[in-house]
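In: Below are the sequence and a predicted model; questions follow.
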Amino acid sequence: MKILLTGSTGQVGYELARSLQGLGEVVAVDRNVMDLSNLDQVRDVIRTVRPQLIVNPAAYTAVDKAESEPELAYRVNAEAPGLMAQEAKLLGAAMVHYSTDYVFDGSDPSPRGEDDATGPLNVYGASKLAGEQAIAAAGIDHLIFRTSWVYGMRGKNFLLTMMRLAKEREELKVVADQHGAPTWSRTIADTTALVLAQAQAQTQAGADWWSQNSGVYHLSAQGQTTWFEFTQAIVEAAGLSCRVLPIGSAEYPTPARRPQYSVMSSERLVSHFCHLPDWKQALHLCMG
Ligand SMILES: NC(=O)C1=CN([C@@H]2O[C@H](COP(=O)(O)OP(=O)(O)OC[C@H]3O[C@@H](n4cnc5c(N)ncnc54)[C@H](OP(=O)(O)O)[C@@H]3O)[C@@H](O)[C@H]2O)C=CC1
Ligand SMILES: Cc1cn([C@H]2C[C@H](O)[C@@H](COP(=O)(O)OP(=O)(O)O[C@H]3O[C@@H](C)C(=O)[C@@H](O)[C@H]3O)O2)c(=O)[nH]c1=O
Ligand SMILES: [Mg+2]
């Protein structure tokens, strides 16, 4: 199987470049080869590579900056994935895409299911939701994994930001009224590879796997926490001595509004495919 992988310089894309190896030939493209804000280039690259599967972790992920660059955020997060899906349709290819807990408004404090009402509070979340809808509308074989609070030991993420700040400062103030599930980039990549291995095996055995399994799946670590408690766990695991103090969102003003409760239930994925780790266990493995 020929796989076109985008965003291989990102947190999830970097891990996918490794995890997908066993599934076939992986053609990894970065923004120099395929800039998602350049739709003609996206089309040209797909028509040249002619993949059987497109895996798209590339995205505009700067949540606050998106508020002042909505056009670019929508082009990268909605129009480009929509075009990928249309091109996949022409090739008879399938598509794996990633989305976010920020598609939810977070007003109701119970874990969200895949079919629960969305209501993004910010441009990033709205652009990601539009991307999901564009892929579904193309009517292709697809998997959309909604994940949350992604971290790892490389790239730009909350874990590395807080480790840096905890070394520089004696005290960190962190919001304690936003609830979610931190998810290790490697968990996302390994789970994707596991699901795709099942798809490949069952398709080869004659099953119509994609018709039966296409759709949206929540893919987050189990359990839930707040940015404040997540920071406490990071500082403790790193053996740092910085004090961590809880604050309210109002005390940490940002351009983008963020949901208060965006915990998702990954029950559908777990019951169809495989176990997912608890967020704290995964954090310790990652920081190992
Ligand atoms: N990060 C998070 O906390 C969360 C992420 N997600 C979703 O998971 C997926 C993976 O995210 P993650 O790996 O963390 O993201 P990162 O921010 O780590 O990486 C984003 C990737 O997208 C690439 N990219 C951005 N703009 C363009 C462009 N115009 N053309 C080509 N490539 C571009 C980046 O390239 P470059 O290195 O050149 O900038 C980078 O490779 C995304 O769909 C994201 O929306 C969901 C929930 C949480
Ligand atoms: C650095 C810092 C942040 N914060 C707050 C700001 C914010 O409310 C919260 C998280 O900060 P960040 O800006 O790192 O996180 P944010 O960019 O909102 O992270 C999101 O990224 C996108 C891509 C997603 O899809 C989401 O799932 C989520 O991971 O922590 C503090 O309270 N104190 C601090 O010192
Ligand atoms: Mg951010």
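Out: Received the coordinates, thanks. Ligands and ions are numbered 1, 2, ... in the order given.
In: Can you report how many residues lie near Ser262?
Out: 26 (other C-beta atoms under 10 Å). Heads up, the C-betas are built off the backbone N, CA and C, glycines and all.
In: neighbours around the closest residue to it other than its chain neighbours, how many?
Out: Using C-beta to C-beta, 6 or more residues apart in numbering and skipping the chain neighbours, the partner closest in space to Ser262 is Asp101 (3.8 Å). When neighbours are defined as other C-beta under 10 Å, Asp101 has 24 of them.
In: List the residues that contact Asp101.
Out: Asp101 is in contact with Arg112, Arg146, Thr147, Ser148, Trp149, Gly180, Ala181, Ser220, Pro259, Ser262, Val263, Met264, counting by C-beta atoms under 8 Å, 6 or more residues apart in numbering.
In: Check what pLDDT the residue nearest to Tyr217 when sequence neighbours are not counted gets.
Out: Nearest non-adjacent residue to Tyr217, counting by C-beta to C-beta, 6+ apart: Leu269, 4.4 Å away. Per-residue confidence (pLDDT) for Leu269: 98.
In: Could you give me the PyMOL selection string for whichever of the contacts of Asp101 are buried?
Out: Buried residues among the contacts of Asp101 (16 or more other C-beta atoms under 10 Å), as a PyMOL selection:
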select buried, resi 112+146+147+148+149+180+181+220+259+262+263+264
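In: taking the contacts of Asp101 one by one, which sit in strands?
Out: Applying DSSP state E to the contacts of Asp101, the entries found in strands are Arg146, Thr147, Gly180.
In: thinking again about what came up before, what subset of the contacts of Asp101 is also close to ligand 2?
Out: Among those, proximity to ligand 2 is found for Ser148, Trp149 (C-beta under 6 Å from any ligand atom).
In: Can you tell me, leaving aside adjacent residues, what's nearest to the residue of the chain found nearest ligand 1?
Out: Going by C-beta to the nearest ligand atom, ligand 1 is nearest to Gly10 of the chain, at 2.3 Å. Using C-beta to C-beta, 6+ apart and skipping residues adjacent in sequence, the residue nearest Gly10 is Pro57, 5.8 Å away.
In: Next: Asn122.
Out: The shortest distance from Asn122 to any non-neighbouring residue, by C-beta to C-beta, 6+ apart, is to Ala256 (3.9 Å).
In: same question, Arg258
Out: Leaving aside its sequence neighbours, Arg258 sits nearest to Gln178 (C-beta to C-beta, 6+ apart; 5.6 Å).
In: I'd assumed Val263 was in contact with that neighbour.
Out: No - with contact defined as C-beta atoms under 8 Å, Gln178 does not count as touching Val263 (10.4 Å).
In: Which positions in the chain make contact with ligand 1?
Out: 7, 9-13, 30-31, 35-37, 57-61, 76, 98, 100, 128, 147-150, 155.
In: Show me which of these are buried.
Out: Using 16+ other C-beta under 10 Å, the buried members of the residues of the chain next to ligand 1 are 7, 10-13, 31, 35-36, 57-61, 76, 98, 100, 128, 147-150, 155.
In: Which residue ranges of the stretch 151-288 of the chain form helices?
Out: Taking DSSP state H, counting those that start in this stretch as the criterion, the stretch 151-288 of the chain contains helices spanning 158-168, 185-204, 209-213, 227-237, 267-272, 279-287.
In: Compare these and give me the one nearest Leu121.
Out: Relative to Leu121, the nearest member of the helices of the stretch 151-288 of the chain by C-beta to C-beta is helix 227-237, separated by 15.7 Å.
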